[in-house]
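> The amino acid sequence is not available; the structure is as follows:
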């Protein structure tokens, strides 16, 4: 797992196929503030504080990076120093997540209407 960056570190989270989805800053005590990048207003700004000994940055990572089954890159900058963290999810894990999502959608569709595709209820 990625260590909490030092205070005064700014970062951007990029998702494959989407680009920059949020910008953030890590404070000296590990508190992390993120702001979602969107064309629609208002955007959401969230503060992740220390909870049960876990830094705000680690809480942010658990919720928005580690729990997702997609490729992400976090670009960090602190003064003149810059570095990146990349999470690449194996293809098999992506397939499993896609299968779970599609199964859920098919089941929800079956609950609200009769299937229009023969055999859909068999899933």
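On my side now, so go ahead. As the structure is a prediction and not an experimental result, all values here were calculated from the model. Numbering: from 1, shown residues only.
> and the closest residue to residue 2 other than its chain neighbours, how far is that from residue 62?
Nearest in space to residue 2, with sequence neighbours left out and distances taken as CB to CB, 6 or more residues apart in numbering, is residue 85 at 5.2 Å. Any C-beta I mention is one placed from the backbone N, CA and C, and that applies to glycine too. Counting by CB to CB, to the nearest Å, the gap from residue 85 to residue 62 is 14 Å.
> Looking at those two, which is more packed in?
Taking neighbours as other CB atoms under 10 Å, residue 85 and residue 62 compare with residue 85 leading, 16 against 13.
> Assign a three-state SS to the more buried one, would you?
For residue 85, the secondary structure call by DSSP: H, G, I helix; E, B strand; the rest coil comes out as strand.
> Distance from the lengthiest helix in the chain to the middle of the chain?
The single longest helix within the chain, with elements called by DSSP state H, is helix 91-112. How far helix 91-112 lies from its chain's middle: 19 Å, per CA atoms, centre = their mean, to the nearest Å.
> quick check: domain ranges of this structure?
Structural domains of the chain, as assigned by automatic domain parsing, span the residue ranges 9-87, 91-122.
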